[in-house]
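Asks: Curious how this folds, go ahead:
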Amino acid sequence: MTYFLIRLSLCALLLTPASAQKESRRPITIRAVEGLQFDPPRTKIDPGQTVRFRILNRDPSDLSHNLLLLKPGTLAEIQKTSMKINQALIDRSYVPDHNAVIKATKLLHSDEGDDFLFTAPKEPGIYPYVCTFPGHAQLMYGALYVGIDWGSIERDKNVPALARERAKKAKEPLPIIRPYIKRYFLEKTGPAAIAVALENDLNYCWDAGNCRLRYAWSGDFIDLTKNSHSNGNRQFKPLGKVFWNGEGGESTYTVQTGNSEIKPDFKGYRLVKGIPEFTYQFGSLTITEFITSTSEALINTIKISNAKESVTIYAKGKITSNVGTREGDCFIVPAKDATNIILTISAK
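Replies: Numbers count the residues shown, from 1 in each chain. Next up is the predicted model:
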């Protein structure tokens, strides 16, 4: 009896379709949206992968749509064929009787959906998908990439021109009114980064985690268009040119000391004419940093209270100071001058 059950189980496994065994757990969902467009206009899978495609009609214009998956290089031919409307074509939900068609959905009315399984060939290729409802095919198409890198969507001729233009506009920075302040998860810094856009097209990142200016750049601020899509792990990048980089690790602070046990304690900031003045505690010292701009530089005014002896200020690179003496990457400032340290960071 045991032998019979083992053979029966093995036969059942051998008779199971290969696509069912390999089907990806997460389906690909493609929506028909307003403006005779598919969203997304392109997607990708690996050679040999089996994926369930879900197609949803979310067009608010109440237009009907279908989706045909085609063999590589056949989009233009199917676009032309779809214009030859006859009763046979209508009866097939506007799916041409053509060997270029690999898979096709039914005709989907508003808020309807359909799905199909597709097993990609082992050979790489670009498989178009298109809606062949009368008059739609010239605008409403996309591309399934199988084992091929697709590059920038703005230059991808396998997707409609409208999709390329939308991608370009999505990368354009949203206008901001300077001064502007926003918390972001910026690259090369901790999760407590604060980005500030100042007048004169100068910007900086201040790291509240270790209480110091981290880097500064000129030109555009940050691509705010992607902020709403972030899942909390995305690191945003400056759009302009970085002209100063503080570098160093998480233990690099504005005030330097030989005592590694002392760490800054961020107390917050207040806005002075829209520009943040940061306050933090460093041991017995209370410190504020207020960064403004000119046409050629950032001006960082540092005020230190309770200094009993000289303080060491980290100032790597093209920075000058109104007080103190430079020693390597730092300025040594006498205690009497610590209440008004002005660092000038050249943007040139």
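
Asks: For stretch 59-69, list every residue counted as buried.
Replies: Residues of stretch 59-69 classed as buried: 59, 63-69 (neighbour count, 16 or more other CB atoms under 10 Å). For every residue, glycine as well, the C-beta is placed using N, CA and C.

Asks: what's the answer for stretch 43-52, then?
Replies: Buried residues in stretch 43-52, defined by neighbour count with 16+ other CB under 10 Å: 43-45, 50-52.

Asks: Make CSV from the residues you listed and add distance to residue 210 and pLDDT to it.
Replies: Putting these into CSV (distance: CB to CB, whole Å; pLDDT from 0 to 100) gives the following:
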residue, distance to residue 210, pLDDT
43, 41, 94
44, 40, 93
45, 43, 93
50, 49, 93
51, 45, 93
52, 48, 93
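
Asks: Return the subset of those residues lying in strands.
Replies: With strands taken from DSSP state E, the overlap with the buried residues of stretch 43-52 comprises 43-45, 50-52.

Asks: What are the neighbouring residues in contact with residue 53?
Replies: Shown in contact with residue 53 (CB atoms under 8 Å, 6 or more residues apart in numbering): 27-30, 67, 69, 103, 115-118.

Asks: Look up how far residue 43 lies from it.
Replies: To residue 43, residue 53 is 9 Å away according to CB to CB, to the nearest Å.

Asks: next one: phi and psi at residue 189?
Replies: With angles defined as degrees, to the nearest 10, residue 189 sits at phi -150, psi 180.

Asks: do residue 90 as well
Replies: Per degrees, to the nearest 10, the backbone of residue 90 is at phi -60, psi -40.

Asks: and if you look at residue 164?
Replies: Reported as degrees, to the nearest 10, the phi and psi values for residue 164 are phi -70, psi -40.

Asks: Quick check, it in contact with residue 151.
Replies: No. Applying CB atoms under 8 Å as the test, residue 164 and residue 151 come out as separate, 11.8 Å apart.

Asks: Neighbour count: these two, which is higher?
Replies: When neighbours are counted by other CB atoms under 10 Å, residue 164 and residue 151 differ, and residue 164 comes out ahead with 17 against 9.

Asks: Quick one: residues contacting the more buried one.
Replies: Per CB under 8 Å, 6+ apart, neighbours of residue 164: 153-156.

Asks: need the residues you listed in a markdown table with pLDDT, secondary structure and neighbour count, can you?
Replies: Listed next are these as a markdown table, based on pLDDT from 0 to 100; DSSP: H, G, I helix; E, B strand; the rest coil; neighbours: other CB atoms under 10 Å:
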| residue | pLDDT | secondary structure | neighbour count |
| --- | --- | --- | --- |
| 153 | 92 | helix | 18 |
| 154 | 90 | helix | 15 |
| 155 | 91 | helix | 9 |
| 156 | 94 | coil | 18 |
